[in-house]
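Q: return a 3D structure for these sequence lines:
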Amino acid sequence: MVQIPDSLRSMFSATLEERDGTYVLEVPAGEVEHDAVAPGGTYRVAVLSSEARSPAAPDEDRPASDRGGSGERPPEPPVEEGEIRDVTIETLGDQGDGIAKVERGYVVIVPDARPGDRPTVEIEQVRRNVAFASVIDTDPGGP
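A: Residues are numbered from 1 along each chain as shown. Below is the predicted model of the structure:
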């Protein structure tokens, strides 16, 4: 099993492409829109084996409706919009928002939360790699 560090900011699938004698991995626009990365920034990149996929397999970053065929779908996010859950804030993101991780290391970003907080949150927006939530109750039950 792969160990996921707490500093993980983003994870997505990409196809390595050759362009004019160099190789390029395209970053989905959503990663920039949600401040996971910024143009001109320098980032560490981990490469994980894709044993389950052949080189001709459909691109996982395209919507399922655009992929055609019966290729394997990436797992659905473990949260849904409108869902209420208790989380534990593990760290702060670069923008100062709280970061909680739920099933499979899926990231939930919670504004106005600090490491160690255990708020009840409402999931407001769900993306493939990250969800955004708001605090509806702070530290239920308390320590």
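Q: and the spatially most central residue of the chain, how far from Ile109?
A: Nearest to the mean C-alpha position of the chain, by Cα atoms, centre = their mean, lies Asn129 at 2.4 Å. From Asn129 over to Ile109 the distance is 11 Å, taken as Cβ to Cβ, to the nearest Å. To be clear about C-beta, it is placed using only N, CA and C from the backbone, and glycine gets the same treatment.
Q: please apply the same query to Phe12.
A: Phe12 sits 16 Å away from Ile109, going by Cβ to Cβ.
Q: out of the two, which sits in the busier spot?
A: For Phe12 versus Ile109, the count of surrounding residues by other Cβ atoms under 10 Å is larger for Ile109: 20 against 16.
Q: next structured bit after the worst-scoring helix or strand of the chain on mean pLDDT?
A: Ranking every helix and strand in the chain by mean pLDDT, DSSP states H and E puts helix 64-67 at the bottom, with a mean of 44. On the C-terminal side of helix 64-67, the nearest following helix or strand under DSSP states H and E is strand 84-86.
Q: parallel or antiparallel, list what pairs with the helix or strand following that following strand.
A: Once strand 84-86 ends, the next helix or strand along the chain (criterion: DSSP H and E) is strand 89-92. For strand 89-92, the paired strands and their directions (DSSP bridges) read strand 98-101 (antiparallel).
Q: next, count neighbours for the nearest residue to Glu103 once chain neighbours are set aside.
A: Here the nearest residue to Glu103 in space, its sequence neighbours aside, is Pro78; by Cβ to Cβ, 6 or more residues apart in numbering that works out to 3.9 Å. In terms of burial, Pro78 registers 15 neighbours under the definition other Cβ under 10 Å.
Q: quick check: the gap between Pro78 and Ala29.
A: As for Pro78, its distance to Ala29 is 23 Å (criterion: Cβ to Cβ).
Q: how about Gly41?
A: In this view, Gly41 and Ala29 are 15 Å apart by Cβ to Cβ.
Q: likewise for Gly21?
A: When Cβ to Cβ is the yardstick, Gly21 and Ala29 sit 26 Å from each other.
Q: those two - which one has more neighbours?
A: More crowded of Gly21 and Ala29, by other Cβ under 10 Å: Ala29, with 8 against 5.
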